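K.L.:
Here's my sequence, what's the structure:
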Amino acid sequence: MDFETARERTFSARLECRYLLYAPESLGSRGALFVALHGFGSSPEVMLRLTGQMVGAGHAIASLQAPSQFYVGQNSREVGYCWATHKHSDSSVRLHHDMLLHVLEEAGRACAVPPQRRILVGFSQPVGLNYRFAATWPEQVRGVIGICGGVPRNWEDGPYHSVSAALLHIARQGDEFYPPAVAAHYPERLRLRAADVEFHMLAGGHRFPSNARHIVGPWLERILG
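P.N.:
Residues are numbered from 1 along each chain as shown. As a prediction, this is how the structure comes out:
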């Protein structure tokens, strides 16, 4: 049998996606909606807590679960979630966009938060995906917070628009996945498409920074008023 003659075929199937929505009892005119995406192998429960600690009270948070699930160890019952791999990455990007468009609309409507007060937050793996989204759907969000992640490889020549959202990127000096020698070039790369880029390099490794609130707070005050 000559298996080299086999042809790949594709089809679409319905996928049940999930997210956690936290809405405070009182969400005033100064409140925002944060749509948060966790890192590789993590979960929406973890990202909800970390995002809440970072942005403080008075805001709504929608924490998405990545679409692919797996056991984190061979003999473990713990389940982690993943946004994409290098295989069939275009499909993962499209799915990411579809998920965000749905949650931004549904959660924004439920919390009565307009696009001008909606912020994307990503840690590690989804950071580059979120930048792609902001450059593809420029009217959907007011800001994007990227923590310990990267910039899309095709950022310079990909099929993107100018980014109207404000971008806040937080890198770390000991990040083994996104080393400072690489991350140091992110501000200039991001500014090729975005006029408002703020960049910070903090001490520590590839972890969600516990002291990010003192950076995020003034940034939010500046872009949201």
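
K.L.:
The residue lying farthest from the centre of the chain and Glu8, how far apart?
P.N.:
No residue in the chain sits farther from the centre than Met1, which is 45.7 Å out by CA atoms, centre = their mean. Note on Met1: its distance to Glu8, by CB to CB, to the nearest Å, is 17 Å. Backbone N, C-alpha and C define where each C-beta goes, glycine included.

K.L.:
Flag every buried residue along the helix or strand hosting Val216.
P.N.:
Secondary structure from DSSP states H and E places Val216 in helix 213-224. Residues of helix 213-224 classed as buried by neighbour count (16 or more other CB atoms under 10 Å): Ile215, Val216, Trp219, Leu220, Ile223.

K.L.:
Relative to the whole chain's centre, how far out is it?
P.N.:
Distance of helix 213-224 from the chain centroid (CA atoms, centre = their mean, to the nearest Å) equals 17 Å.

K.L.:
other SSEs contacting that helix?
P.N.:
Packing partners of helix 213-224 (3 or more CB pairs under 8 Å, 6 or more residues apart in numbering; DSSP states H and E): helix 44-55, strand 143-147, strand 166-172.

K.L.:
repeat that with 10 Å
P.N.:
helix 44-55, strand 118-123, strand 143-147, strand 166-172, strand 197-202 (3 or more CB pairs under 10 Å, 6 or more residues apart in numbering; DSSP states H and E).

K.L.:
okay, those in CSV with distance to Pro179 next?
P.N.:
Output for the helices and strands packed on helix 213-224, formatted as CSV (distance: least, CB to CB, whole Å):
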stretch, distance to Pro179
helix 44-55, 22
strand 118-123, 17
strand 143-147, 15
strand 166-172, 9
strand 197-202, 11
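
K.L.:
Dump those to a markdown table, plus mean neighbour count and distance to Tyr186.
P.N.:
Formatted as a markdown table, the helices and strands packed on helix 213-224 follow (neighbours: other CB atoms under 10 Å; distance: least, CB to CB, whole Å):
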| stretch | mean neighbour count | distance to Tyr186 |
| --- | --- | --- |
| helix 44-55 | 20 | 20 |
| strand 118-123 | 26 | 14 |
| strand 143-147 | 26 | 8 |
| strand 166-172 | 24 | 6 |
| strand 197-202 | 17 | 6 |
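
K.L.:
Double-check that Ala36 belongs to a helix.
P.N.:
No - Ala36: not assigned to a helix; according to DSSP: H, G, I helix; E, B strand; the rest coil it is strand.

K.L.:
my read: it touches Ala62, true?
P.N.:
Yes - taking contacts as CB atoms under 10 Å, Ala36 lies within contact range of Ala62: 7.0 Å.

K.L.:
shared neighbours of those two, which are they?
P.N.:
Shared contacts of Ala36 and Ala62, defined by CB atoms under 10 Å, 6 or more residues apart in numbering, comprise Tyr19, Leu20, Tyr22, Pro44, Leu48, Thr51, Val121.

K.L.:
Name whatever forms a beta bridge with the third one.
P.N.:
Translated: Tyr22. For Tyr22, the beta-bridge partners under DSSP bridges are Ile61.
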